[in-house]
Structures are given as C-alpha cells and as structure tokens.
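In: give me a 3D structure for the following:
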Amino acid sequence: MLTGRPGPLNLITDVAGLLVGNAADDALKSGVTVVLGTGPFAASVDVMGGAPGTRETDLLRPGTLVDRIDALVLSGGSAFGLSAADGAMAALRGMGRGWPVGDRRVPIVPAAILYDLASGGTHDWTDTPYPAMGRAAVEAAGTRFALGTEGAGTGAVAGCLKGGLGSASLVLDGGVTVGALVAANPVGGVACPETGRFRAAPFELDGEFGSRGAPASARPETRGAPPGTATTIAIVATDAALDKAQAQRVAVMAQDGMARAILPSHTPFDGDLVFAASTLRRPAPDAAGLAAIGHAASVCLARAIARGVFHARRAPGDPYPCWSDRWG
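Out: Predicted coordinates:
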C-alpha cells in the first residue's frame, strides 16, 4: 500500500531541482508551461494517445546519446505550439545552458502540445506567438505557480467542462518525493456530469479538490470532439536517481493516473503523453522502489488532473462552463 503525504506546496516543484514557469495570452486563450531544471536532469517519455504532437522525444528513448535535458515544454496551440520550445531554447542559451557540443552548447528542450484552437480565442496573428510565450515561461520559472486557467491549461477543455493546469506531489515514507504537472484537455470527462464528483476522488488528499467523494456512476462523458482536437499532456518527476529506461517505466506507470481520472482516456482523438523526469538528488531505487515511484506518479497525476479542472476560472467567450460554475 502506498503511504505518504503531499509536499509543502503540493506541486511538482516539491521535487528538489525543478522550477515551473507559465505564460499565456488571454485573447488567444492559450499558453505555455515550462518545467526547468536548476541543472540538467534525466527524462524519458511514454505516448498512449492516438493523436500526439511532440518535439525532440526520440532522444528520450533508452539507448540514445543525450542523457540529460534542460527543460520540458507543455503548450497549447496544436502544432503551432511546438515553436514554444524555440523561445525556451533561446532563453536557456542566454543563460549558458545546454548540451556541450565542442565549444558550443545546445539546450535540449523536448515539447508536447494540446489542441485549444476551438476554445474561443482570437487567432488572427501572422507570426506565431508561441516562441515569445516559451521565453516568457522560462523567465517566469519559480517554485510557486498558479493552477487552473494558467499556462498550457489556459484554453484547455475537459469533457464538457473547462480543463486546466494541475499539479500535485507526494513525499513517500522513505523520503523520496514524486510530483506531477498536467495540462488536462481530454475528450473524456473528469467529473460525474450529474454530481460534479471527480473520478480521481479515491486518491484525493487533504480536500485538494473539494472532498465531494467518488462518483456513483461510471457513465463515460465526452464532448463529441472531432479527431485531433484534445490531448492531456503531463510531466511526472522524482528526486530519486533514474536512468532513461527507469524514467520510461515510471512514465508508463503514470499513464494509469489518466485512466483513473478521465473517462474515457487514451482515445484515438487524444494525444495523451507523459514525460518522466529525475533530478538525481537521491540514491537510485531498487526494483521495488521503482515500482513505488511509478505508482506514486500515477496517483499524483490523477490528483493533478482533478486539481486542474477544480481551479479553472471563467473567461469571456468560454465554450464550456467551469467546474466551479456548476458545483463550486
């Protein structure tokens, strides 16, 4: 049985060595979230959705050369949002960060995007605004950040409710910290449409999303989204030292957090993806310890999804209501 408690902030930044920055354009109804390491960190990825949008994820496979990265980017904007990594790279280059190649450094910044082009925003731009938001998110990075209609969750939709940016953490009894960050934008629903009770309720800690209890019904809910117009993208992290193969296993296990919080999840219309990161601050786990970290990551991700929707706030032109509008 998993035992532990939320970290001091109940955010992914409870994992020592991680910072998070958000940037958004309220008129566009879109934004960017960057997870930045205070130093290079290890990472891998697992993709289970049918419509992913990614950048630099191949180098996160075990067996590839680069074993440390500088940041991870989550962005709205569909494929346009992948250019947010350009701005993040530029900011990191200015800090002297990056993988050494001869006398040069190349910042390594994998990225994933979600579709929020139908969230009521204005899209009359000529030059994509995402590189500027990527840079701004890096420059805003810190240990504290807001949840809900923020960063990559600004234009998110979850089933028939506004989605949002969520985060949660767990300090295991042995002292290892695990955290999750998610931009929740699934086709499926995260709360019972009759009662507002969250699917992730069995994993809730300290009333973090309203203490409403578990739904009585398992009836699935979707918003009737056309193909390629959803996606939940997430990052889970730990301070335990993991190599890329171990990080990939944690990412695979963390996908269960989506299945616990979203009904249905991993559909052909979602590009569901989980990055897993290690800041290498604590000793490497044995096999049992790795299993505990993976399970904790899945629990944190389920809680983070509910928190993102719980904290979403109303904005002009929203096509769907906030959870708080109906049950807050």
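
In: and the longest strand seen in the chain, C-alpha only, in PDB?
Out: In the chain, with assignment by DSSP state E, the single longest strand is strand 30-47. What follows is strand 30-47, C-alpha atoms only, in PDB (Å, rounded to 0.1, in the frame of the first residue of the first chain):
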ATOM      1  CA  SER A  30      -3.700  29.700 -25.000                       C
ATOM      2  CA  GLY A  31      -0.400  29.500 -23.200                       C
ATOM      3  CA  VAL A  32       2.800  27.700 -22.400                       C
ATOM      4  CA  THR A  33       4.200  25.900 -19.300                       C
ATOM      5  CA  VAL A  34       7.900  25.100 -18.900                       C
ATOM      6  CA  VAL A  35       9.500  22.800 -16.400                       C
ATOM      7  CA  LEU A  36      13.000  23.900 -15.900                       C
ATOM      8  CA  GLY A  37      15.800  22.100 -14.000                       C
ATOM      9  CA  THR A  38      18.100  24.100 -11.800                       C
ATOM     10  CA  GLY A  39      20.700  21.900 -13.600                       C
ATOM     11  CA  PRO A  40      20.400  19.200 -16.300                       C
ATOM     12  CA  PHE A  41      18.100  16.300 -15.500                       C
ATOM     13  CA  ALA A  42      17.200  12.900 -16.800                       C
ATOM     14  CA  ALA A  43      14.000  12.200 -18.600                       C
ATOM     15  CA  SER A  44      12.000   9.900 -20.800                       C
ATOM     16  CA  VAL A  45       8.500   9.700 -22.300                       C
ATOM     17  CA  ASP A  46       5.600   7.400 -23.000                       C
ATOM     18  CA  VAL A  47       2.800   8.200 -25.500                       C
END
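
In: show me what the next helix or strand after it is packed up against.
Out: Next in sequence after strand 30-47, counting helices and strands by DSSP states H and E, comes strand 54-55. Here strand 54-55 touches strand 111-113, going by 3 or more Cβ pairs under 8 Å, 6 or more residues apart in numbering; DSSP states H and E. C-beta coordinates here come from the backbone N, C-alpha and C atoms, glycine included.

In: what's the average pLDDT for the strand it packs on?
Out: On average, the pLDDT along strand 111-113 is 98.

In: who touches it?
Out: By Cβ atoms under 8 Å, 6 or more residues apart in numbering, the residues outside strand 111-113 that reach it are 52-57, 72-82, 84-85, 88, 231, 233, 271, 273, 275.

In: just the ones in helices from those, please.
Out: Ala84, Ala85, Ala88 (DSSP state H).

In: the first one and Pro8, how far apart?
Out: It stands for Ala84. The spacing between Ala84 and Pro8, counted by Cβ to Cβ, to the nearest Å, is 29 Å.

In: which of these two has more neighbours?
Out: Just comparing Ala84 and Pro8: by other Cβ atoms under 10 Å the higher neighbour count belongs to Ala84, 36 against 12.

In: can you tell me the closest non-neighbouring residue to the more buried one?
Out: Gly134 (3.5 Å; Cβ to Cβ, 6 or more residues apart in numbering).

In: about what we covered before: give the buried residues for the longest strand of the chain.
Out: Buried residues in strand 30-47, counted by 16 or more other Cβ atoms under 10 Å: 30-37, 40-47.

In: now do stretch 183-196
Out: Neighbour counts using 16+ other Cβ under 10 Å place Ala183, Ala184, Asn185, Pro186, Val187, Gly188, Gly189, Val190, Ala191, Cys192, Gly196 of stretch 183-196 among the buried residues.

In: nearest to Asp325 among those?
Out: Gly196 (10.2 Å; Cβ to Cβ).

In: now name the helix or strand holding the closest one.
Out: Following DSSP H and E, one finds Gly196 outside all helices and strands.

In: you'd agree it is up against Asp325?
Out: No: with contacts counted by Cβ atoms under 8 Å, Gly196 stays clear of Asp325, the gap being 10.2 Å.

In: list the buried ones in stretch 52-60?
Out: Using 16+ other Cβ under 10 Å as the test for burial, stretch 52-60 gives Pro52, Gly53, Thr54, Arg55, Glu56, Thr57, Leu59, Leu60.
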